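Trainee: Generate a structure from the sequence data that follows.
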Amino acid sequence: MSLKPTFREGEANFNVPAAGKHCKTWYKVYGTLPHPQHTPLVVLHGGPGATHEYLDILSELTRLFDVPVIVYDQLGNGRSTHLQEKNGDTDFWTVQLFVDELHNLLNHFNIHDKYDLLGQSWGGMLAAEFAVRQPK
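Mentor: You can find the predicted model right below:
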């Protein structure tokens, strides 16, 4: 019998002055955070318009190996703040916005110094952009 890993959901406040309203990033954490032995895996979904759901299968890493897994919906997608008033605004929707959101989420969980990052499609590009900036 296979048991699903436990998880918790929540929202991280995300200050985006150019948004003109209060923003939040929705997340789901599988497993224990902080974990005494295992580095958490932060997962970045594809897009535009995709959400975390198709990446929930990575919770198997928690079930099988006790690795904490964090999935989230990037700003404008899924359960995070939607900004229809910014549709088509290329000065607003920048890679830097999503890099800042990822930094904010890492700070929210206090894991900025130790985490693994996995991105798929657009999330892979975002992960690469994040990595070339050489965070800890």
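Trainee: Could you use CA atoms for every contact and neighbour count after this?
Mentor: Fine.
Trainee: Need the residue closest to the centroid of the protein.
Mentor: Nearest to the mean C-alpha position of the chain, counting by Cα atoms, centre = their mean, stands Y72 at 3.9 Å.
Trainee: any idea where the helices of the chain begin and end?
Mentor: 60-65, 95-108, 122-132 (DSSP state H).
Trainee: wait, doesn't the residue nearest to the centre of the chain sit right on H52?
Mentor: Yes. Counting by Cα atoms under 8 Å, H52 is a contact partner of Y72 at 5.7 Å.
Trainee: Find residues that contact each of these two.
Mentor: Residues touching both Y72 and H52 by Cα atoms under 8 Å, 6 or more residues apart in numbering: L44, H45.
Trainee: Any regions of this protein where pLDDT drops low?
Mentor: Within the chain, the segments meeting pLDDT under 70 span 1-3.
Trainee: ok, back up a step: quick one: residues contacting the closest residue to the residue nearest to the centre of the chain other than its chain neighbours.
Mentor: Spatial nearest neighbour of Y72, chain neighbours left out: Y27 (4.1 Å); criterion: Cα to Cα, 6 or more residues apart in numbering. When contacts are counted by Cα under 8 Å, 6+ apart, Y27 touches E9, G10, E11, A12, I70, V71, Y72, D73.
Trainee: Of these, just the buried ones, PyMOL syntax please.
Mentor: Selecting the buried subset of these in PyMOL, with 16 or more other Cα atoms under 10 Å as the burial test, is done by:
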select buried, resi 11+12+70+71+72+73
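Trainee: Among the contacts of Y27, which one sits closest to N110?
Mentor: Each of these was scored against N110 by Cα to Cα, and A12 proved nearest at 11.9 Å.
Trainee: count of neighbours near Y115?
Mentor: Using other Cα atoms under 10 Å, Y115 has 15 other residues around it.
Trainee: Report the contact partners of it.
Mentor: If you count contacts by Cα under 8 Å, 6+ apart, Y115 has them with T39, P40, L41, V42.
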